[in-house]
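Peer 1: Got a predicted structure here, sequence first:
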Amino acid sequence: MPSPRPRLTRRRVLIAAGAVVVALGVAATVLILHSPGNVSHPKLSFTAPASPTRPPARKAGPAFLWPDYGYDSARTRDFDPAGGPAPPFRVGWHFLDGALLEFPPVIEGNTLYLLDDDGMARAIDARTGRVRWHVKLGTLAAASPAIDVRAGLVVFVLLSTTGSTPANGRVAALSQRTGKLLWSRRIAAGSESSPLVWGGHVYFGDQSGAVYCLSATTGRLDWVYHAQGAVKGGVAQSGGIIYFGDYAGRVYALHADSGRVLWDVGTNGSAFGFGSGNFYSTPAVAFGRVYLGNTDGFVYSFAARTGQLAWSRATGAYVYASPAVADVPGLGPTVYMGSYDSRFYAFNAASGAIRWSHAAGGRISGAATIVGHVVYYSDLGTRTTTGLDARSGRVVFSFHDGAFNPVIADDRALYLDGYITLYELLPRPPTHGGRRSSRGSGAGAHGRSSRRSSTGAGHRRRSVSRSRGRR
């Protein structure tokens with residue numbers, strides 16, 4: 001139907017067109033002037049470790065605890081089990097889920113808690129691979145759960161409860177022991193932000209840009225903050241401050257108790273407020289810095305106290321991955337991340353300089369995990385999980401399954417997150433003369449059967465080709 005307004009004269013059309021061209025030119029100039037680039041301020045708010053030793057393996061009383069996506073509340077993904085699992089491995093059990101396993105489980109004691117992309121929550125015996133309970137929570141999910149040991153519950157977030165696209169999601173808390181629903185709260189926009197349980201509260205973001213703080217025991221809303229873009233990654237916590245990035249290309253620091261803003265900054269420090277890309281990456285906080293990747297192809301480091309840009313370093317393509325950060329003996333503070341340029345990087349945590357890089361078999365979308373002196377990643381090209389010596393980048397492990405977030409561990413075993421299968425990997429005993437092979441995956445890596453397996457009660461194999469459309 002024609003517009004009711006009078007038509008513009010030719011002269012007015014030309015003037016309007018010229019104004020649009022000028023406006024576009026100004027915007028382009030601003031973006032060029034403030035486009036991201038390699039930046040390095042090594043001493044800016046960097047807190048060097050007092051010694052090269054790493055923290056001991058985390059325990060919760062007598063039970064082992066890996067409570068959150070990223071291991072600890074700072075999401076460092078650094079686990080150093082003295083004398084714990086190291087390559088070479090053999091497969092103990094494998095659990096065929098049948099749905100996409102994009103995000104890994106969490107651990108408390110001898111139980112793994114897993115949420116697959118079809119919205120099925122499970123408690124799995126870490127020693128046998130047997131399912132203790134399973135609950136259908138929704139129809140679409142893409143996040144790890146989080147454990148509140150004191151309250152005896154595990155928290156799950158869902159992208160959808162009714163369809164195959166993000167909408168009408170929920171957050172739900174189940175009993176660790178029985179899987180009974182303890183509380184649930186509707187999240188209209190849906191969430192794929194792996195929740196964080198800290199200080200009796202649950203923190204996560206959603207597709208609309210809201211960041212929530214809920215009571216872990218009741219689900220009561222304590223505060224909500226509205227960011228400028230969708231919050232798809234998880235939040236990290238350090239010193240009572242919550243850190244996260246959004247799809248407007250901004251990074252935020254909020255007081256965990258109130259949601260009050262400490263700082264928020266764009267990726268390029270532009271006075272015009274432009275962001276150069278999207279943050280899907282869940283940040284890691286260490287050494288007085290916040291580290292995360294961006295779809296503009298850069299990895300960023302911000303001062304945790306002020307938000308000042310400490311460094312940015314270009315890769316060759318999108319960086320959806322989340323970082324792993326550790327003070328590695330013989331190497332020093334290092335940030336590990338993969339990129340869609342099919343390379344895996346080790347960055348100097350202070351300066352952003354590349355310590356080494358490794359050519360992967362395909363694009364890297366998931367986070368790295370450090371277990372002992374090995375850093376693990378999975379790639380989307382070959383669907384292989386690779387372990388590299390954290391100091392040199394030398395390949396020490398390869399397993400023919402996995403595409404996103406690679407592994408978690410306790411002090412006994414490695415648990416590898418395959419495409420639709422979860423594996424228990426146990427250290428292989430020394431071979432002839434006490435020497436151990438530096439590379440190998442053990443039985444099961446090429447589809448051979450393992451010692452024990454379970455498919456889960458009442459769960460059929462289904463297509464895993466569905467896309468959430470997040471990218």
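Peer 2: Cool, the structure landed. Residues are numbered from 1 along each chain as shown.

Peer 1: what does the average pLDDT come to for stretch 288-304?
Peer 2: The average pLDDT for stretch 288-304 rounds to 96.

Peer 1: buried ones in that stretch?
Peer 2: 288-304 (16 or more other Cβ atoms under 10 Å). To be clear about C-beta, it is placed using only N, CA and C from the backbone, and glycine gets the same treatment.

Peer 1: in this protein, which spans are helices?
Peer 2: Remark: helices assigned in the chain by DSSP state H are 10-33.

Peer 1: Do I have it right that residue 327 meets residue 49?
Peer 2: Yes. With contacts defined as Cβ atoms under 8 Å, residue 327 counts as touching residue 49 at a distance of 4.5 Å.

Peer 1: For these two, work out which one has more neighbours and name it.
Peer 2: residue 327 (22 against 14; other Cβ atoms under 10 Å).

Peer 1: Residue 171 is in contact with residue 187, isn't it?
Peer 2: Yes. Using Cβ under 8 Å, residue 171 is in contact with residue 187, at 5.8 Å.

Peer 1: any shared contact partners between those two?
Peer 2: Contact criterion Cβ atoms under 8 Å, 6 or more residues apart in numbering; residues shared by residue 171 and residue 187: 157, 158, 212.

Peer 1: List the contacts of the last one.
Peer 2: Just to be clear, that refers to residue 212. Contacts of residue 212 (Cβ under 8 Å, 6+ apart): 171, 187, 202, 203, 204, 205, 206, 221, 223, 224.

Peer 1: For those, pick the one with the most neighbours.
Peer 2: residue 205 (31 neighbours).

Peer 1: Bridge partners for that residue, pull those for me.
Peer 2: residue 211 (DSSP bridges).

Peer 1: so who does it touch?
Peer 2: 191, 193, 211-212, 227, 230-235, 244, 246.

Peer 1: just to revisit the earlier point, please identify every residue contacting each of residue 327 and residue 49.
Peer 2: 287, 333.

Peer 1: Quick check: the gap between the residue nearest to residue 186 when sequence neighbours are not counted and residue 177.
Peer 2: Setting aside the residues directly before and after it, residue 186 is nearest to residue 170 in space (Cβ to Cβ, 6 or more residues apart in numbering), at 5.4 Å. When distance is defined by Cβ to Cβ, to the nearest Å, residue 170 is 21 Å away from residue 177.

Peer 1: quick one: which of these two has more around it?
Peer 2: residue 170 (21 against 12).

Peer 1: shouldn't the more buried one be in contact with residue 162?
Peer 2: No. Using Cβ under 8 Å, residue 170 is not in contact with residue 162, being 10.2 Å away.

Peer 1: got any residues that touch both of these two?
Peer 2: Common neighbours of residue 170 and residue 162 (Cβ under 8 Å, 6+ apart) are residue 138.

Peer 1: The stretch 151-300 of the chain: strands as residue ranges?
Peer 2: 153-158, 169-175, 181-187, 196-198, 201-205, 210-215, 221-226, 236-238, 241-245, 250-255, 261-266, 284-286, 289-293, 298-303 (DSSP state E, counting those that start in this stretch).

Peer 1: most tightly surrounded among the ones you listed?
Peer 2: strand 289-293 (a mean of 30; mean count of other Cβ atoms under 10 Å).

Peer 1: could you check the angle strand 241-245 makes with that one?
Peer 2: In terms of direction (axes from the mean of the first three to the mean of the last three Cα atoms, to 10 degrees), strand 289-293 departs from strand 241-245 by 20 degrees.

Peer 1: residues touching residue 242, list them.
Peer 2: Neighbours of residue 242 in contact, by Cβ under 8 Å, 6+ apart: 203, 211, 235, 236, 252, 253, 254, 255, 256.

Peer 1: how close does it get to residue 400?
Peer 2: Distance from residue 242 to residue 400, by Cβ to Cβ: 38 Å.

Peer 1: Check residue 161 too.
Peer 2: Taken as Cβ to Cβ, the span from residue 161 to residue 400 is 34 Å.

Peer 1: Looking at these two, which is more packed in?
Peer 2: residue 161 (21 against 14).

Peer 1: What is the distance between stretch 214-224 and the centre of its chain?
Peer 2: Put simply, stretch 214-224 sits 23 Å off its chain's centre (Cα atoms, centre = their mean, to the nearest Å).

Peer 1: average model confidence for that stretch?
Peer 2: 98.

Peer 1: Flag the shaky bits of the stretch 201-350 of the chain, pLDDT-wise.
Peer 2: Residues of the stretch 201-350 of the chain meeting the criterion pLDDT under 70: 268-275.

Peer 1: 80 instead, please
Peer 2: 268-276 (pLDDT under 80).

Peer 1: And the stretch 1-150 of the chain, by the same measure?
Peer 2: Within the stretch 1-150 of the chain, the stretches with pLDDT under 80 are 1-37, 42, 50-62, 82-84.
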